[in-house]
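[1] quick one: sequence plus predicted model below, questions after.
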Amino acid sequence: MRILLVEDEERLATVLVRGLSKKGYAVDYITDGEKAMKRISLNHIDYDLVILDLMLPSLDGLSICQGMRDANITTPVLILTARDEIDTKVRLLLTGADDYLVKPFAFEELCARIAALARRPVGALPAVLSAGEITLKSAEHVVTKGEKAVPLTLKEFVLLEYFMRHPNMVINREELLTHLWDFNYSSFSNVVDVHVKNLRKKLDLENSQVVLETIRGVGYRFAQQV
């Protein structure tokens, strides 16, 4: 899951980026409202969630949310606000925000809200994914091959989950970089290839009912062998 965080308190933003990255999310952050609106307008398809501070320089979070909905941008929005008044909460929801969180908040609650929003557009997708003898449990962050647990890093886990949610599809490297890494990674980076190589090795795919094929010049395809 890729998140755009718009927060002008840089100390808070840094803490949130660090914490969410440890949870396996790819996070970009912007401190200015107008810059955030431009990024969202041009790149909203790259994000699964936008977290907006209500009070921002140049353009506030409420205006950004309104602008997104007016432009038919349906990316979920979670607003962070220091204002706890009922009328403020009502205005946020009526403007098109999907949820809000009042500052100060516990990081665990933020993660729970993010997880709840992430489930909304993909509610029909199973929490347990299977392909051949490989099973992935999203909530528990557990992968097994047969009866044996497969220890994966967070990035390897989300990479495998992305492949398993798109079986038999050819997925290019740029798509993987877009959804699983932040803007700091160039499309010329070999970071995807390195993680795929490590994933193949840990899953022991040479002796498996599934394949993770390299489609030369394009990307990869994850499929169960017939």
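    Ah, there it is.
[2] so who does Gly19 touch?
    With contacts taken as Cβ atoms under 8 Å, 6 or more residues apart in numbering, Gly19 has the following neighbours: Phe107. Quick note: C-beta positions are derived from backbone N, CA and C, even for glycine.
[3] again, but for the one 10 residues further on
    Tyr29 makes contact with Leu4, Leu5, Val6, Glu7, Ala13, Leu16, Val17, according to Cβ under 8 Å, 6+ apart.
[4] hmm, try it at 10 Å
    With contacts defined as Cβ atoms under 10 Å, 6 or more residues apart in numbering, Tyr29 is in contact with 3-8, 10, 12-14, 16-17, 20, 36, 51, 182-183.
[5] ChimeraX command for the buried members of those residues?
    Command for ChimeraX, covering only those of these found buried under the criterion 16 or more other Cβ atoms under 10 Å:
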select :3,4,5,6,7,8,12,13,16,17,20,36,51,182,183
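[6] in strands, which of the contacts of Tyr29 fall?
    Members of the contacts of Tyr29 lying in strands (criterion: DSSP state E): Ile3, Leu4, Leu5, Val6, Ile51.
[7] and those residues, which two are furthest apart?
    Ile3 and Val6 (10.2 Å; Cβ to Cβ).
[8] give me the below-cutoff pLDDT ranges for this structure.
    Per-residue confidence for the chain (pLDDT under 70) gives these ranges: 119-127, 182-189, 226.
[9] what's the closest of the ones in strands among the contacts of Tyr29 to Thr153?
    Proximity of the ones in strands among the contacts of Tyr29 to Thr153 (Cβ to Cβ) peaks at Ile3, which lies at 19.1 Å.
[10] who are the contact partners of the closest one?
    The neighbourhood of Ile3, defined by Cβ under 10 Å, 6+ apart, consists of 16-17, 20-21, 25-29, 47-51, 76, 78, 114, 118, 182.
[11] what bridges to it?
    In this structure, Ile3 has the following beta-bridge partners (DSSP bridges): Val27, Leu49.
[12] would you mind measuring from it to Val17?
    Distance, Ile3 to Val17, using Cβ to Cβ, to the nearest Å: 9 Å.
[13] so for the two, which residues contact both of them?
    Taking Cβ under 10 Å, 6+ apart as the contact criterion, the common neighbours of Ile3 and Val17 are Tyr25, Val27, Asp28, Tyr29, Asp182.
[14] what number of residues lie near the residue found closest to His179 once you drop the neighbours it is linked to in the chain?
    Here the nearest residue to His179 in space, its sequence neighbours aside, is Arg2; by Cβ to Cβ, 6 or more residues apart in numbering that works out to 5.4 Å. Under the neighbour criterion other Cβ atoms under 10 Å, Arg2 is assigned a count of 19.
[15] just checking, Arg2 touches Ala26?
    Yes: using Cβ atoms under 10 Å, Arg2 makes contact with Ala26 at a distance of 4.5 Å.
[16] any shared contact partners between the two?
    Overlap between the contact sets of Arg2 and Ala26, as judged by Cβ under 10 Å, 6+ apart, is given by Asp46, Tyr47, Asp48, Leu177, Thr178, His179, Leu180, Trp181, Asp182, Phe183.
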